[in-house]
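J.: Mind folding the following:
(one chain, ligands or ions: 2)
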Amino acid sequence: MKHIVIAIDGPAASGKGTLARRLAEAFNLPYLDTGLLYRVVGRRVLDHGGDPSDVALASEQARGLGRLDLERGDLRTPEVDRAASAVASIPAVRAALLDFQRSFALHAGAVLDGRDIGTIVFPEADVKLYITASLTVRAARRFAERRALGAEVTLEAVQADLAARDEADRTRAAAPLRPAEDAHRIDTSALDANHAFAAAADWVNRALAKP
Ligand SMILES: Nc1ncnc2c1ncn2[C@@H]1O[C@H](COP(=O)(O)OP(=O)(O)O)[C@@H](O)[C@H]1O
Ligand SMILES: Nc1ccn([C@@H]2O[C@H](COP(=O)(O)OP(=O)(O)O)[C@@H](O)[C@H]2O)c(=O)n1
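T.: Numbers count the residues shown, from 1 in each chain. Ligands and ions are numbered 1, 2, ... in the order given. As a prediction, this is how the structure comes out:
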């Protein structure tokens with residue numbers, strides 16, 4: 001099969017990761033969850049007792065990031081959600097993570113999901129998808145996910161956190177969240193994971209059929 005790059009962007013808990021994993025398996029491509037990179041940087045700043053908006057500390061942690069950090073089990077807490085979004089607004093942090101993301105797809109193509117994959121990381125991606133869902137649907141999904149992990153959270157707090165993070169991600173100056181002009185939009189508010197996959201796979205098959 002052709003080595004292609006599939007870029008998936010969208011707001012928090014829209015279903016990017018679920019879809020990306022399914023596509024990677026179906027089309028035999030490596031998968032990178034780029035949100036994890038920002039989560040690791042945020043986590044490492046917190047481990048140092050630092051402030052995630054500290055440019056020098058966050059940039060240093062981004063430059064020192066290793067592949068094994070991505071396997072840490074403490075990257076999906078509300079504290080790390082906020083720290084990831086804060087470090088993600090720092091241009092030097094984003095620059096330090098760019099090479100890692102680009103080289104990931106060099107050998108065998110890849111599926112990558114994040115906020116700026118189709119706009120900045122891979123503007124030449126073969127397929128660009130922009131995944132959305134209403135705020136209430138996304139909050140309900142993230143709430144269920146966190147509760148299943150045993151977290152003591154309320155639906156209201158989860159929804160407020162998602163809304164604040166989306167707003168920060170959309171309005172920052174550095175690589176703001178927005179659909180690439182040539183991205184195909186998929187709203188998963190009323191689509192289960194199978195239907196979202198079918199819609200996305202259709203776009204991938206069209207790209208593969210191109211000469
Ligand atoms: N199309 C869908 N329908 C219903 N639930 C979904 C769908 N896609 C993902 N989910 C669930 O929603 C939650 C967030 O999905 P995830 O893929 O992690 O989103 P993201 O990567 O955009 O943050 C997960 O619990 C996942 O199982
Ligand atoms: N390519 C990316 C990926 C994530 N991020 C940042 O990292 C945070 C966490 O991303 P994530 O994809 O793990 O978040 P969820 O969608 O899983 O909630 C986001 O809120 C963004 O601020 C980014 O700026 N650019």
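J.: what's the neighbour count on residue 164?
T.: Residue 164: 14 surrounding residues under other C-beta atoms under 10 Å. For every residue, glycine as well, the C-beta is placed using N, CA and C.
J.: Next, work out how far apart it and ligand 2 are.
T.: According to C-beta to the nearest ligand atom, to the nearest Å, residue 164 stands 10 Å off from ligand 2.
J.: Close to ligand 1: what parts of this protein are there?
T.: Counting by C-beta under 6 Å from any ligand atom, the residues of the chain lying close to ligand 1 are 10, 12-18, 141, 145, 188, 191-193, 196.
J.: how about 8 Å then?
T.: 10-21, 33, 35, 113, 131, 133, 137-138, 141-142, 144-145, 148, 188, 191-193, 195-196 (C-beta under 8 Å from any ligand atom).
J.: Show me which of the residues you listed are buried.
T.: Neighbour-count burial (16 or more other C-beta atoms under 10 Å) is assigned, among those, to 10-21, 33, 35, 113, 131, 133, 137-138, 141-142, 188, 191, 196.
J.: And the helices in the protein, which stretches?
T.: Using DSSP state H, the helices of the chain run over 16-26, 35-47, 55-63, 78-87, 91-104, 135-148, 155-171, 193-209.
J.: Can you convert those helices into a markdown table and add a column each for mean pLDDT and distance to residue 179?
T.: Shown next, in a markdown table, are the helices of the chain (pLDDT from 0 to 100; distance: least, C-beta to C-beta, whole Å):
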| stretch | mean pLDDT | distance to residue 179 |
| --- | --- | --- |
| helix 16-26 | 98 | 13 |
| helix 35-47 | 98 | 17 |
| helix 55-63 | 97 | 25 |
| helix 78-87 | 96 | 19 |
| helix 91-104 | 96 | 18 |
| helix 135-148 | 97 | 16 |
| helix 155-171 | 97 | 11 |
| helix 193-209 | 97 | 14 |
